[in-house]
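Enquirer: Show me the folded form of this:
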Amino acid sequence: MRLLLPMTLIASLAIAACSPGGSEPDGPAAAELEADLYVDPDAPAELLNWRDLLPEGELDMLLALEEGRAPPTLMSQFQTRRDEQIGTFNVVDELDGLIVRMPGYILPLDYAEQGQAREFLFLPYHGACIHYPPPPPNQIVYLRSAEPISFSELWEPVWVEGHMEIQRVETDLADAAYAIAVRSVRPYDE
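Expert: From the prediction side, this is the model:
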């Protein structure tokens, strides 16, 4: 009997340690995550397009880089840790804190379940980061959602609504200069 209790305890600990942990945060961590990602469902959203994310003069500099007209010093200023991703983390400060609505394409970074994710890159054009070099960081938005978002077709355009923040985010695929706490993701045709 003396050996039975310790053996039962050890077996219980081993089973608990080897069992898959939930991917859902719980307790205070879950409440904090949910509070960070809360977006007022009744707040009006400001419609943005991708050029709205570029500070004044940035588009001209990007076009010069693309066409090879930028001087070498400007080229090195625009380099990030990824040689393929050119551009800057320069942002439009007035966008910080706005509830926004934007069209674009989502690329999942994690998978909560089959066909669902909580973290995405939000991109201005089809195939960005996969088939083509990534857009500049100030043309990529990192999306986070408290609830998993379902997606059926990866490269279908969508509308994203949420609370925008200026936040530098580095991922394996590309860097982003903005982040949105997601309120909704809907097909573009809605």
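Enquirer: For this protein, just list every one of the helices.
Expert: 4-18, 27-36, 58-66, 72-77 (DSSP state H).
Enquirer: Which of the ones you listed has the lowest mean pLDDT?
Expert: In terms of average pLDDT, helix 4-18 trails the rest of the helices of the chain, at a mean of 34.
Enquirer: so where's this protein uncertain?
Expert: 1-35, 64-83, 131 (pLDDT under 70).
Enquirer: Nearest the middle, which residue of it would you pick?
Expert: The centroid of the chain falls nearest to residue 142 when counting by C-alpha atoms, centre = their mean (2.1 Å).
Enquirer: For residue 122, see how far away that residue is.
Expert: As judged by C-beta to C-beta, to the nearest Å, residue 142 and residue 122 stand 7 Å apart. Using the backbone N, CA and C atoms, a C-beta is placed for each residue, glycine as well.
Enquirer: Find residues that contact each of these two.
Expert: Common neighbours of residue 142 and residue 122, using C-beta atoms under 8 Å, 6 or more residues apart in numbering, are residue 180.
Enquirer: Contacts only, for the closest residue to residue 117 other than its chain neighbours.
Expert: Once flanking residues are discounted, residue 117 sits nearest to residue 108: 3.7 Å by C-beta to C-beta, 6 or more residues apart in numbering. Contact partners of residue 108, counting by C-beta under 8 Å, 6+ apart, are 117, 119-120, 151, 154.
Enquirer: Across the sheet, point out what pairs with residue 108.
Expert: residue 120 (DSSP bridges).
Enquirer: so where do the strands sit in this protein?
Expert: Counting by DSSP state E, one finds strands in the chain at the ranges 46-47, 99-108, 116-123, 141-150, 158-170, 175-187.
Enquirer: right, and the ones you listed - which one's nearest residue 93?
Expert: Smallest distance to residue 93 across the strands of the chain (C-beta to C-beta): 6.8 Å, for strand 158-170.
Enquirer: Please point out which parts of that closest one sit buried.
Expert: Neighbour-count burial for strand 158-170 flags 158-166, 169 (criterion: 16 or more other C-beta atoms under 10 Å).
Enquirer: tell me what it is packed against?
Expert: strand 99-108, strand 141-150, strand 175-187 (3 or more C-beta pairs under 8 Å, 6 or more residues apart in numbering; DSSP states H and E).
Enquirer: can those strands go into TSV with extra columns for distance to residue 51?
Expert: Listed next are these as TSV, based on distance: least, C-beta to C-beta, whole Å:
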stretch	distance to residue 51
strand 99-108	11
strand 141-150	14
strand 175-187	13
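Enquirer: just so I know, which of these lies nearest residue 57?
Expert: When the helices and strands packed on strand 158-170 are compared by C-beta to C-beta, strand 175-187 sits nearest residue 57, at 15.7 Å.
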